[in-house]
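Engineer: structure, please.
(one chain, ligands or ions: 1)
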Amino acid sequence: MFFLFICFFIRIGRKNQTLQGQKLIEVNWKQKIEELKLEIEQYKIENASSVEKFRIAYLGTKGRLKDSMSLIAQVPSESKKEFGLLINDVKKMAETKWTETKDRYENNGEQKSIDFDLTAPSFQSLSGGHHPISIVRRRIISIFERIGFTVEEGPEIEDDWHNFTALNLPKNHPARDMQDTFFLTPDLEWMLRTHTSNVQIRAMERNELPLRIINPGRVYRNETISARAHCTFHQVEGLYIDEGVSFADLKQVIYFFAKELFGSENIRMRPSYFPFTEPSAEVDVPCFICEQKGCNICKYTGWVEILGCGMVDPAVLKNCNIDSEKYNGFAFGMGIERITMLLYQIDDLRLFWQNDIRFLQQFRSNS
Ligand SMILES: [Zn+2]
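Structural biologist: Numbers count the residues shown, from 1 in each chain. Reported below is the predicted structural model:
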């Protein structure tokens, strides 16, 4: 009887212990979920890389939420549903926090972490430069501008009158052979200009005298390309028309030009022939490339021709309706390539057209 009594008390005691234990576990899992919820709420995501850290810590396969799921084994069966609802809410809350912060960092570049080195040396910025032909063209223009010449330009596609006939080069005249060109029409009426003299004809036709112009520009001739010649090149021509102009004026202008450009008046004038000037001359300077020892540029003579010049032929003035009894003048013309080669000691004209950066960058400081 006493034994039964004791057993009864023991059973009651065990039942009470089980109830208390259940209560403790219930408090424990609820508290743990609450703690986890609070932890997720308070987690600070400060930069783009901590977004991923947050995901791994809470939503990853070995994260805190997955770990908390295992608590279900300790939850009494009547509370399992409640447990499920609570843990699901926390999971949703963590997922919302993760997706929102992730979107914010992805869409806002300012908040992305700075992952470049501000102390690294900067990239070298390369400045451009002018082509040597442009540099010399500008120098020539500036010299003539100082003595009152103005720049005038004209078309590169020209008709027969302005390129040949008006310049005292009538059709079938043998002097046309000196300037074989690229004709554009079968009747040979239109062509690429062979010199910038067409601009002079157009200026004289306006009949606004006196005239003191220089005409820089590109010209074309049917020539075999070599170290000394090209089918496309650049010229500067000059024209001075007024009353009482003499050959002495022409000489002084050429002396001034040579001194300004080459630093010396050491030039040589040779009689020559041009259809549009009478008398005519060619001007040579000492060959700077070989220092007059002889090379292929100076054809082993020690002298290089830099320009042709002369007094404008009265027939040309007449073609432009200028009274040749009242007015006269002089004209000159030079190739910019030839002068550039002399100034910079370049021995092959083809270099100007090859766009080789190693060649061109040598002129950068001269621009
Ligand atoms: Zn030479």
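Engineer: and the residue nearest to the spatial centre of the chain, how far is that from Gln345?
Structural biologist: Residue closest to the average C-alpha location in the chain (C-alpha atoms, centre = their mean): Gly128, at 7.6 Å. Here the distance between Gly128 and Gln345 works out to 23 Å (C-beta to C-beta, to the nearest Å). C-beta coordinates here come from the backbone N, C-alpha and C atoms, glycine included.
Engineer: could you find the closest non-adjacent residue to the residue nearest to the centre of the chain?
Structural biologist: Nearest-residue entry for Gly128: Arg364, 7.6 Å, with adjacent residues in sequence omitted and distances by C-beta to C-beta, 6 or more residues apart in numbering.
Engineer: can you report how many residues lie near the one you found?
Structural biologist: If you count neighbours by other C-beta atoms under 10 Å, Arg364 ends up with 12.
Engineer: so it touches His131, yeah?
Structural biologist: No - look at Arg364 against His131 with C-beta atoms under 8 Å: they stay out of range, at 10.7 Å.
Engineer: who does Phe233 form a beta bridge with?
Structural biologist: Listed by DSSP bridges, the beta-bridge partners for Phe233 are Val219.
Engineer: pretty sure Gly154 is touching Ser197, no?
Structural biologist: No - with contacts defined as C-beta under 8 Å, Gly154 does not count as touching Ser197, sitting 9.5 Å away.
Engineer: spell out which parts of the stretch 101-250 of the chain neighbour the ion.
Structural biologist: Proximity of the stretch 101-250 of the chain to the ion is assessed by C-beta under 5 Å from the ion, with no residue identified as in range.
Engineer: give me the pLDDT for the closest residue to the ion within the stretch 101-250 of the chain.
Structural biologist: Distances between the stretch 101-250 of the chain and the ion by C-beta to the ion are smallest at Arg228, namely 11.4 Å. According to the prediction, Arg228 has pLDDT 83.
Engineer: same check on the one 10 residues further on?
Structural biologist: Predicted confidence (pLDDT) at Gly238: the value is 97.
Engineer: find the nearest non-adjacent residue to Phe144, please.
Structural biologist: The shortest distance from Phe144 to any non-neighbouring residue, by C-beta to C-beta, 6+ apart, is to Ile214 (4.8 Å).
Engineer: ok, the one you found - contacts?
Structural biologist: 140-141, 144, 149-152, 236-239 (C-beta atoms under 8 Å, 6 or more residues apart in numbering).
Engineer: out of those, which sit inside helices?
Structural biologist: Among the contacts of Ile214, the subset assigned to helices under DSSP state H consists of 140-141, 144.
Engineer: ok, back up a step: residues contacting the residue of the stretch 101-250 of the chain closest to the ion?
Structural biologist: Contact criterion C-beta under 8 Å, 6+ apart gives 296-297, 349 as the residues in contact with Arg228.
Engineer: tell me which helix or strand Asn215 sits in.
Structural biologist: Here Asn215 is covered by strand 211-220, with elements defined by DSSP states H and E.
Engineer: gap between that strand and the chain center?
Structural biologist: Put simply, strand 211-220 sits 28 Å off its chain's centre (C-alpha atoms, centre = their mean, to the nearest Å).
Engineer: neighbours around Lys318, how many?
Structural biologist: Lys318 has 13 neighbouring residues, counting by other C-beta under 10 Å.
Engineer: residues contacting it?
Structural biologist: Contacts of Lys318 were listed using C-beta under 8 Å, 6+ apart, and they are Ser324.
Engineer: element containing it?
Structural biologist: With DSSP H and E as criterion, Lys318 is part of helix 314-319.
Engineer: just checking, next helix/strand downstream of that helix?
Structural biologist: Heading towards the C-terminus - elements assigned by DSSP H and E - helix 314-319 is followed by strand 328-335.
Engineer: outside of the helix or strand just after that next one, which residues touch it?
Structural biologist: Once strand 328-335 ends, the next helix or strand along the chain (criterion: DSSP H and E) is helix 336-344. Among residues not part of helix 336-344, those counted as contacts by C-beta under 8 Å, 6+ apart are 132-133, 135-137, 140, 216, 230, 233-236, 261-262, 285, 287-289, 297, 304-306, 346-347, 349, 352, 363.
Engineer: now the helices for the chain?
Structural biologist: Taking DSSP H as the criterion, the chain carries its helices at 2-42, 48-54, 64-69, 80-107, 132-145, 160-163, 197-205, 247-262, 314-319, 336-344, 357-360.
Engineer: re the thing from before, how close does the residue nearest to Phe144 get to Ile306?
Structural biologist: 15 Å.
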